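In: Kindly return the folded structure for what I paste below:
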Amino acid sequence: MSQGGITLSRNPLAIPAIALAALVATGPAPAATDRPATPQGSLIIVGGGDRTNKMMRRFVELAGGAGAARVAVVPLASSEPEATGAELAARMDSLGARTFVFLAGRAEAQTAAAARRLDSVTGIWFTGGDQARITAVLSRTATLRAMLARYHGGAVIGGTSAGAAIISDSMITGNQTPPGDTTGYYGDEYPAIARDRIQVTAGLGFLPGAIVDQHFIRRERHNRLLSAVLERPSLLGVGIDENTALEVGPDGRWRVLGESGVIVYDARRARVAALGRGKLGATDVRVHLLPAGAVYEPGSGRGRMPVR
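Out: Sure, this is the predicted structure:
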């Protein structure tokens, strides 16, 4: 299959179970040494739900604007990647971007030829679906190194739902342990804030020092993100609600766009206690409730509310 002159691989999501297990066992991908320490690009991280035209226009604007933006849509997370990619590409095109769909299996993603497809892009967009499909294909490949290089060189990286989860250097997979325990997430009770319950693996590393969760307020995911953060207190927990985006600029500031808000859990100075039966307790955890228009500085942990 081809679109916009780009050849698309067939069956890109045939991922052996052993490959997924290996990815879960790895830590965050090592930083490349051939790119600037401070990224010159931006991130648009959408928490799922509707991708409003305002958010998408902002993405295209950061990619160079109508007529200049050159965008790769990456639908690897989707169970129907070709259809999903075509739908997103059409939407980007309607906003003035020149768009192509990027599909590859893991073997192809490891090649220089696949990486070169991204040489001219000014924006990369990851669709929703299952975030493990994205990392299983892209982690530790030439294609991911090319994406990171484009971002550090000035391109904008965006994603929604699963495409948001992979943005940080650590990623909540959506799985929990024991595997059959669905209490709280799909059952009638809230999950405990506890150790070794939430499966976290390596994301793609565009946003270091953080762990992103999506559909956050809508799906009441507070306890799972708190569990992940209290086990990893050096990471900021970033819960992005539906119909909402977090924009991260080259200046390092985080800005909230959309209809709801972002909740940040900061346990960097917290005192965390490991209690019986795996449960966790903590004091001095800072919580920031950031509505649309708010600005947050992750280094200092300070936020600024929007002007009325």
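
In: Tally up the residues packed near the nearest residue to Gly154 once chain neighbours are set aside, please.
Out: Leaving out its chain neighbours, the residue that sits closest to Gly154 by Cβ to Cβ, 6 or more residues apart in numbering is Gln40, at 4.3 Å. All C-beta spots, glycine's among them, are computed from the backbone N, C-alpha and C. Using other Cβ atoms under 10 Å, Gln40 has 12 other residues around it.

In: hey, where'd the strands end up in the stretch 151-300 of the chain?
Out: All strands of the stretch 151-300 of the chain, identified by DSSP state E, counting those that start in this stretch, fall at 156-160, 168-176, 198-202, 207-214, 236-240, 244-248, 254-258, 261-266, 271-274, 280-283, 286-291, 295-297.

In: picking that back up, check contacts around the residue nearest to Gly154.
Out: His152, Gly153, Gly154, Pro250 (Cβ atoms under 8 Å, 6 or more residues apart in numbering).

In: Could you check the pLDDT of it?
Out: pLDDT for Gln40: 98.

In: cool, and Ile45?
Out: Note for Ile45: predicted pLDDT of 98.

In: Would you map the helices across the stretch 1-150 of the chain?
Out: Taking DSSP state H, counting those that start in this stretch as the test, the helices found in the stretch 1-150 of the chain are 17-25, 53-62, 81-94, 106-109, 112-116, 131-138, 142-153.

In: quick check: mean pLDDT across the third one?
Out: Spelled out, that is helix 81-94. With pLDDT averaged residue by residue, helix 81-94 scores 97.

In: again, but for stretch 258-270
Out: Rounded mean pLDDT across stretch 258-270 is 97.

In: Name the residues of it that are buried.
Out: Residues Gly258, Glu259, Ser260, Gly261, Val262, Ile263, Val264, Tyr265, Asp266, Ala267, Arg268, Ala270 are the ones in stretch 258-270 that count as buried (16 or more other Cβ atoms under 10 Å).
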